[in-house]
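A.B. asks: Predicted model and sequence follow; I will ask about them next.
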Amino acid sequence: MNLTEATPKLLFSNVPPDCHDDYLRAWVEARGYRVSSLRLIRDQVTGTSPSFAHVQLMNSGKIDEAERSLNGQDLRGQRVQVARIVAHTAGTRGLTPLP
């Protein structure tokens, strides 16, 4: 991949605070989407998850399908929200939500 290209990812919000990386990875993969990378966003002081995660799929061509399929699903008693984002690389910063 060219370093100036943006990598599409999924932003999960409303992830339960007791959810661990391995559990979320298994949850996504059990629904038919292989994960290439996953990162729960944690509070650096307490180590707990403040309910956000970034997930990159092995097959980026399925990202729109995964967004539609996973959005609103129940994860440990909480309804997760899933949105496609683009993580910028090589000199750009931040994440851009896609329409």
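C.D. replies: Looks like it came in fine.
A.B. asks: switch to C-alpha atoms for all contacts and neighbour counts from now on
C.D. replies: Will do.
A.B. asks: what separates Gln56 from Gly77, distance-wise?
C.D. replies: 23 Å (C-alpha to C-alpha, to the nearest Å).
A.B. asks: for this structure, where's the lowest mean pLDDT among helices and strands?
C.D. replies: strand 95-97 (a mean of 54; mean pLDDT, DSSP states H and E).
A.B. asks: re the thing from before, Gln56 and Gly77: which is more packed in?
C.D. replies: Neighbours per residue, other C-alpha atoms under 10 Å: of Gln56 and Gly77, the larger number sits with Gln56, 22 against 9.
A.B. asks: what sits against the more buried one?
C.D. replies: Pro8, Lys9, Leu10, Val35, Ser36, Ser37, Leu38 (C-alpha atoms under 8 Å, 6 or more residues apart in numbering).
A.B. asks: Run a quick neighbour tally on Val55.
C.D. replies: Residues contacting Val55 under the criterion other C-alpha under 10 Å number 23.
A.B. asks: Where does the closest residue to it other than its chain neighbours fall, secondary structure wise?
C.D. replies: Counting by C-alpha to C-alpha, 6 or more residues apart in numbering, Val55 lies nearest to Leu38, which is 4.4 Å off, once chain neighbours are set aside. Using DSSP states H and E, Leu38 sits in strand 35-41.
A.B. asks: Would you list the buried entries among the contacts of Gln56?
C.D. replies: Pro8, Lys9, Leu10, Val35, Leu38 (16 or more other C-alpha atoms under 10 Å).
A.B. asks: Sort out which one of these lies nearest Gln81 for me.
C.D. replies: Using C-alpha to C-alpha, Leu10 comes nearest to Gln81 of the buried ones among the contacts of Gln56, at 9.8 Å.
A.B. asks: What's the local residue count around the nearest residue to that closest one once chain neighbours are set aside?
C.D. replies: Closest residue in space to Leu10, ignoring its immediate chain neighbours: Arg84 at 4.6 Å, by C-alpha to C-alpha, 6+ apart. Number of residues near Arg84 (other C-alpha under 10 Å) recorded here: 22.
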